[in-house]
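A.B. asks: Got a predicted structure here, sequence first:
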Amino acid sequence: MSEINKSPAFWRSFPIFEEFDKETVAAVAALATYRKWTAGTVIFQRGDEGNYMIAVISGRIKLSLITPQGRELLLRHIEAGALFGEMAILDDQPRSADATAITVTEGYVIGKKAFLDFITHTPNAAESIIRYLCAQLRDTTDRLETIALYDLHSRVARFFLATLKQIHGNELPESANLRLTLSQSDIAGILGASRPKVNRAILALEECSAIKRADGVITCHIGRLQRIAEPEEE
């Protein structure tokens, strides 16, 4: 794959571009170049100059930090349909984390200078991007709230619900299936807990019939997960 996908639907599938009209989407596509990374490739490291962002077409990338004790702290996984690296090119700050390809990964790279020039000459796009950044800030606030204010059972339930919303949107069905590509260690890193504690929390969700695991698929009972995610104060 070397030709750039110019489909408006493809580019609008990335939240940062979802409000762009056809002409603006075409201008973004014209800025992109195709790249491919083999498994294990370090795409960038914390402290590197943020001179491009990546729209992922296929594969999987992890964003992580190395603690002073040498422990790797997983921040999140980036998969097909996600865009990352945009913050560093917009705020002119160094990379805040390491990015490593876990599997063979393909993506479109958009350079910093070209994108900033595009924003400067496209006011409507700039307004859309501001709204996107505000949504990202709210999402970060929600994540911090989850870690700071909720016990682990609630955090795991909220993690499942948030993942389902990425697939189904905010209006969730009564029951939904989820196939996670993350290990329990990955989930533990995201939730700020140890793997054994996350395992016990998942078992507790099974015991109260909020989820059911079979053949790699997690069947989620939405109502029960929501009650666990937002427990009533005693």
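C.D. replies: That came through, no problem. The model shown is predicted, which means the values in this text are computed figures rather than measured ones.

A.B. asks: Arg76 touches Leu63, doesn't it?
C.D. replies: Yes - using CB atoms under 8 Å, Arg76 is in contact with Leu63, at 5.5 Å. C-betas here are computed from N, CA, C, even on glycine.

A.B. asks: Show the contacting residues for the nearest residue to Thr33 once chain neighbours are set aside.
C.D. replies: Excluding the flanking residues, the one nearest Thr33 by CB to CB, 6 or more residues apart in numbering is Val109, at 5.2 Å. Applying CB atoms under 8 Å, 6 or more residues apart in numbering, we find Val109 in contact with 32-35, 52-54.

A.B. asks: and if we set it to 10 Å?
C.D. replies: Neighbouring residues of Val109 by CB atoms under 10 Å, 6 or more residues apart in numbering: 31-35, 43, 51-55, 85.

A.B. asks: ok, now Ala135?
C.D. replies: Taking CB under 10 Å, 6+ apart as the test, what Ala135 contacts is 15-16.

A.B. asks: Break down the chain into its strands, ranges please.
C.D. replies: Along the chain, the segments classed as strands by DSSP state E run 32-37, 42-44, 52-58, 60-66, 72-79, 83-84, 98-101, 105-111, 175-178, 211-214, 217-221.

A.B. asks: lowest-confidence stretch among the ones you listed?
C.D. replies: Note on the strands of the chain: strand 72-79 shows the lowest mean pLDDT, a mean of 80.

A.B. asks: what pairs with that one, and is each one parallel or antiparallel?
C.D. replies: Using DSSP bridges, strand 72-79 pairs in its sheet with strand 60-66 (antiparallel).

A.B. asks: just the helices in the protein please.
C.D. replies: For the chain, applying DSSP state H gives helices covering 8-12, 22-31, 86-91, 112-120, 123-149, 152-168, 184-191, 195-207, 222-229.

A.B. asks: For Gly70, find the nearest of those helices.
C.D. replies: helix 184-191 (14.8 Å; CB to CB).

A.B. asks: buried stuff in the closest one?
C.D. replies: 184, 186-191 (16 or more other CB atoms under 10 Å).

A.B. asks: Need the overlap of contacts for Arg76 and Leu63.
C.D. replies: What both Arg76 and Leu63 touch, as defined by CB under 10 Å, 6+ apart, is the set 84, 97.

A.B. asks: Any idea what the residue nearest the centre of the chain is bridged to?
C.D. replies: The centroid of the chain falls nearest to Ile78 when counting by CA atoms, centre = their mean (5.5 Å). Ile78 has the following beta-bridge partners by DSSP bridges: Ile61.

A.B. asks: isn't it right next to Gly107, touching?
C.D. replies: Yes - using CB atoms under 10 Å, Ile78 makes contact with Gly107 at a distance of 9.1 Å.

A.B. asks: between those two, what contacts are shared?
C.D. replies: 43, 54, 56, 59, 61, 84-85, 101.

A.B. asks: which of the residues you listed lies closest to Ser154?
C.D. replies: Among the shared contacts of Ile78 and Gly107, Phe84 lies closest to Ser154 (CB to CB), at 27.3 Å.

A.B. asks: And that closest one, how far from Gln136?
C.D. replies: Using CB to CB, to the nearest Å, one gets 11 Å for the distance from Phe84 to Gln136.

A.B. asks: These two: who's more crowded?
C.D. replies: Using other CB atoms under 10 Å, the more surrounded residue of Phe84 and Gln136 is Phe84, with 18 against 14.

A.B. asks: Across the sheet, point out what pairs with the more buried one.
C.D. replies: Bridge pairing for Phe84 - DSSP bridges - gives Ile54.

A.B. asks: Wait, it touches Tyr108, no?
C.D. replies: No - Phe84 is beyond contact range of Tyr108, at 12.0 Å (criterion: CB under 10 Å).
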